[in-house]
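Undergrad: heads up, no residue letters with this:
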């Protein structure tokens with residue numbers, strides 16, 4: 001049962017790529033209606049060049065945003081995983097809180113896989129893949145307009161505010177997820193407990209009164 005608890009806690013690592021993607025996706029900017037309706041149908045001669053997209057990502061500070069997220073997300077996720085692990089163990093029949101030594105060992109394992117998860121999709125590869133997708137959905141003129149916006153005072157102000165926005169937003173996301181996954185977690189633990197009881201040999205079960 002404790003193994004099941006650890007597996008459930010480790011699932012939090014899978015959330016990392018999603019969190020990173022959500023936080024490094026550009027903020028919504030004004031887009032012409034015709035650009036939206038032309039999604040995935042941009043003629044090749046109207047698609048932005050790699051150089052244009054590279055300039056866009058530069059003025060958007062995309063790499064810097066990704067690095068900031070990668071610094072902030074692991075600590076928050078690890079806190080959530082620890083809280084979830086403690087909660088699950090408290091619900092497991094016979095479950096006991098982790099000792100200081102066990103918690104240190106758990107943290108070591110989590111840090112190991114957290115680092116691997118953070119590096120499983122390198123920034124250069126992510127940006128390269130993103131460029132390909134942008135080419136399919138944005139016209140060269142759109143990219144030029146975005147570059148102009150993010151180079152403007154308003155655009156730079158938005159980028160300057162991004163770290164504070166992330167710092168306020170990410171705990172909100174984590175709390176929402178924790179609140180809304182509680183029912184799912186409760187059902188999981190109920191099913192796991194029933195499974196454990198059904199898998200126990202009858203000879204080991206306490207005699208019915």
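TA: All right, it came through fine. Quantities reported herein were computed from a predicted structural model and do not represent experimental measurements.
Undergrad: from here on, contacts and neighbour counts on C-alpha atoms
TA: Noted.
Undergrad: what is the rounded mean pLDDT of the longest helix along the chain?
TA: Longest helix in the chain by number of residues (criterion: DSSP state H): helix 153-199. The average pLDDT within helix 153-199 is 83.
Undergrad: The helix or strand containing residue 109 - what's its average pLDDT?
TA: If you go by DSSP states H and E, residue 109 is part of helix 100-118. Averaged across helix 100-118, the pLDDT comes to 77.
Undergrad: ok, and for it, which residues are buried?
TA: By 16 or more other C-alpha atoms under 10 Å, the buried positions in helix 100-118 come out as 110, 114, 117, 118.
Undergrad: Pipe those into CSV and attach distance to residue 146 per row.
TA: Shown next, in CSV, are these (distance: C-alpha to C-alpha, whole Å):
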residue, distance to residue 146
110, 39
114, 34
117, 31
118, 29
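Undergrad: From those residues, pick the one nearest residue 191.
TA: Distances from residue 191 to these, taken as C-alpha to C-alpha, are shortest for residue 110 (25.6 Å).
Undergrad: Give me the neighbour count for residue 48.
TA: 23 (other C-alpha atoms under 10 Å).
Undergrad: Which secondary structure state does it sit in?
TA: Here residue 48 is recorded as coil under DSSP: H, G, I helix; E, B strand; the rest coil.
Undergrad: Settle this for me: it is touching residue 133, isn't it.
TA: No: taking contacts as C-alpha atoms under 8 Å, residue 48 lies outside contact range of residue 133: 10.9 Å.
Undergrad: So for stretch 136-151, what gets flagged as buried?
TA: 136-140, 142-143, 145-147, 149-151.
Undergrad: Those residues in helices, which ones?
TA: 136, 137, 140, 142, 143, 145, 146, 147, 149, 150, 151.
Undergrad: If I look at the first one, what pLDDT would I see?
TA: This means residue 136. Confidence score, pLDDT, at residue 136: 90.
Undergrad: and what of residue 12?
TA: 47.
Undergrad: circling back: quick one: the longest helix of the chain to helix 140-151, angle?
TA: Following axes from the mean of the first three to the mean of the last three C-alpha atoms, to 10 degrees, one obtains 100 degrees for the angle between helix 153-199 and helix 140-151.
Undergrad: So which other helices or strands are in contact with helix 153-199?
TA: Contacts defined by 3 or more C-alpha pairs under 8 Å, 6 or more residues apart in numbering; DSSP states H and E place helix 153-199 against helix 62-91, helix 140-151.
Undergrad: Which one of these has the poorest average confidence?
TA: helix 62-91 (a mean of 71).
Undergrad: so what's residue 57 up against?
TA: By C-alpha atoms under 8 Å, 6 or more residues apart in numbering, the residues touching residue 57 are residue 63.
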